[in-house]
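[1] Pasting a predicted model and its sequence here:
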Amino acid sequence: MKPVVPALTTLLAIAALANGEARAENVPARPAAFAPCAACHTVQPGQKSFGPNLHGVVGRKAASLPGYAYSNALKAANITWNRQALDRWLTAPQKAVPGTKMPFPGIADPAKRQQIIEYLQKLR
Ligand code: HEC
């Protein structure tokens with residue numbers, strides 16, 4: 001075996017270790033586009049924030065998290081949070097659900113919405 005091979009193997013092992021540390025507890029990497037959401041939303045199971053906890057939100061019925069005081073508008077909206085519903089919501093929350101109390105204007109860039117939705121899908 002040439003000496004370069006074990007050196008490379010060691011390097012790869014170190015890289016794998018470092019990566020494992022950064023992803024402790026299998027937490028998916030948070031995209032930059034989610035930063036404004038994090039001001040109001042936690043994604044840690046069991047934790048509370050100003051907005052509803054978004055862990056496992058994809059596939060959940062809107063306004064269905066026990067113990068969170070949702071607006072009547074969102075409670076009456078009859079939405080299940082799939083990709084399409086989330087895309088519409090994140091484009092313009094007040095248009096998607098008039099009367100929602102989510103004080104956020106929306107995200108115009110479809111690529112950013114996509115990054116957020118993919119991230120939310122991993123949180124389960
Ligand atoms: C300034 C605070 C704030 C920001 C910023 C914010 N939200 Fe919200 N969000 C809320 C509140 C408050 C609600 C509850 C709305 C209601 O009851 O009408 C909510 C509701 C939601 C819901 C519905 C959850 C459920 O259980 O039905 C989703 C999904 C959501 N937000 C995603 C996001 C995402 C993604 C972002 C970032 C692009 C974001 N929010 C930014 C405050 C915020």
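    Sure thing, it's come through. What you see is a predicted model; the values in this text were computed from it and never measured.
[2] all contacts plus neighbour counts: C-alpha atoms, from now on.
    Fine.
[3] what's the following helix or strand after the helix-or-strand element of the chain with minimal mean pLDDT?
    The helix or strand of the chain with the poorest confidence is helix 4-22; it has a mean of 49 (mean pLDDT, DSSP states H and E). As assigned by DSSP states H and E, the chain's next helix or strand after helix 4-22 is helix 35-38.
[4] Quick one: mean pLDDT over that following helix.
    Averaged across helix 35-38, the pLDDT comes to 98.
[5] Mind checking if that helix is in reach of the ligand?
    Yes: counting by C-alpha under 6 Å from any ligand atom, the ligand is contacted by helix 35-38 at Pro36, Cys37.
[6] tell me what that helix is packed against?
    Of the remaining helices and strands, none touches helix 35-38 by 3 or more C-alpha pairs under 8 Å, 6 or more residues apart in numbering; DSSP states H and E.
[7] Get me the contact residues on this protein for the ligand.
    34, 36-37, 39-40, 51-52, 62-65, 70-71, 74, 90, 100-104.
[8] Which of these fall in helices?
    Mapping those onto helices (DSSP state H) picks out Pro36, Cys37, Leu74, Leu90.
[9] Please identify which of the residues you listed is nearest to Glu118.
    Taking C-alpha to C-alpha as the measure, Glu118 lies nearest Leu90 of those, at 12.9 Å.
[10] got a pLDDT number for the closest one?
    98.
[11] Not counting sequence-adjacent ones, nearest residue to it?
    Gly106 (5.2 Å; C-alpha to C-alpha, 6 or more residues apart in numbering).
[12] Quick check on that neighbour: phi, psi?
    Main-chain dihedrals, Gly106, degrees, to the nearest 10: phi 110, psi 170.
[13] With the one 3 residues further on instead?
    Note on Asp109: its backbone torsions stand at phi -80, psi 110 [degrees, to the nearest 10].
[14] ok, it - how many residues close by?
    11 (other C-alpha atoms under 10 Å).
[15] Show the end-to-end separation of stretch 36-50, please.
    13 Å (C-alpha to C-alpha, to the nearest Å).
[16] Quickly check the ones in helices among the residues of the chain next to the ligand for the two that are furthest apart.
    The widest separation within those (C-alpha to C-alpha) is 20.6 Å, between Pro36 and Leu74.
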